[in-house]
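Undergrad: how would this look folded up:
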Amino acid sequence: MPLLFGQSPRFQGLPASGFGVFAIEDREARRQAIIDTFHPALKTLGEDLLDGLEPGEDERQTPHNPLHAHLPRLDWPRGYQPFCTWLALSREVHGYQSGPQLNLGVHADHVAVRLGWDTGSDRFGRFEFLCRRGDLGDELKRVAAEERLHFRVYAAAAWPEGSHRVFESPDDLEASFREVTRRGVWWELGSRYEVPLALPLICSSGLGTETARIFRALLPVYDRVVGEHRSAGIRT
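TA: Numbering: from 1, shown residues only. Reported below is the predicted structural model:
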């Protein structure tokens, strides 16, 4: 991480003992425990990432809205059963969940660092079109190969699982879109770290280093998607 940030990172990893909170049976108690356990560290990571990913005004080649760090409240829609939490970076101040996001997701059995999409968004169809009809798909596959990232699709599942992986490939973007059409609710390109196997990384500053590396590689793709949507008159 020091190679990516101008100062020493504050983020020192996620709490190793915290993953049991996802199994709390009471919904509101689980929600509050997830927030209390993980959000302080995620907030710190978000501050580190915003400091390190955004170039100074004199370094920018093209104008962009600034990145914003978002943490969820985990209480919407009504009756929602919290099964994960996340840190999302987006150029949107509000409504980030309807567009692409640079996302670190924390689940009971894994942590994922990815460019992610809620496939229920109307804007996801535009993204798929751009990948199929233009060169955006080739760019995604290039980044995947260079950074050893995978395309994944998740389908909805009942709590306590919440969602489950139904597709994974290092290069088959077309197949990921077919799986979205069948049953996918979440599409991503990124890395996944299993619990408990990857806890030494997840619970250290190394997770921040990995997140910064992956987000830095994905940020140009994210910005291109946002720009393509805005040029088409679609708010992301």
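Undergrad: residues contacting residue 45?
TA: Counting by CB atoms under 8 Å, 6 or more residues apart in numbering, residue 45 makes contact with 11, 87, 104, 207-208, 211. For every residue, glycine as well, the C-beta is placed using N, CA and C.
Undergrad: let me see the confidence value for it.
TA: Note for residue 45: predicted pLDDT of 98.
Undergrad: now swap in residue 228 and tell me
TA: Residue 228 carries a pLDDT value of 73.
Undergrad: quick one on the thing from earlier: and the contacts of residue 45, which of them are in strands?
TA: Under the assignment DSSP state E, the contacts of residue 45 contribute 87, 104 to strands.
Undergrad: what about the contacts of residue 45, which one has the most neighbours?
TA: The residue in the contacts of residue 45 with the most neighbours, by other CB atoms under 10 Å, is residue 211 (28 neighbours).
Undergrad: can you check the pLDDT for it?
TA: Here, the pLDDT recorded for residue 211 equals 98.
Undergrad: what lies in contact with the longest strand seen in the chain?
TA: Ranked by residue count, the top strand of the chain under DSSP E comes out as strand 184-194. Strand 184-194 is contacted from outside by 103, 109-120, 124, 140, 143-144, 148-156, 163, 166-167, 176-177, 180, 201-202, 207, 210, 214, 218, using CB under 8 Å, 6+ apart.
Undergrad: mind putting the contacts of residue 45 in TSV, distance to residue 22 included?
TA: Below are the contacts of residue 45 laid out as TSV (distance: CB to CB, whole Å):
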residue	distance to residue 22
11	21
87	16
104	16
207	18
208	22
211	20
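Undergrad: which one of the contacts of residue 45 is nearest residue 75?
TA: For these, the minimum distance to residue 75 (CB to CB) is 17.4 Å, reached by residue 87.
Undergrad: what's near enough to touch the residue nearest in space to the middle of the chain?
TA: By CA atoms, centre = their mean, the chain has its centre lying nearest to residue 103, at 1.7 Å. By CB under 8 Å, 6+ apart, the contact list for residue 103 reads 86-89, 112-116, 188, 190.
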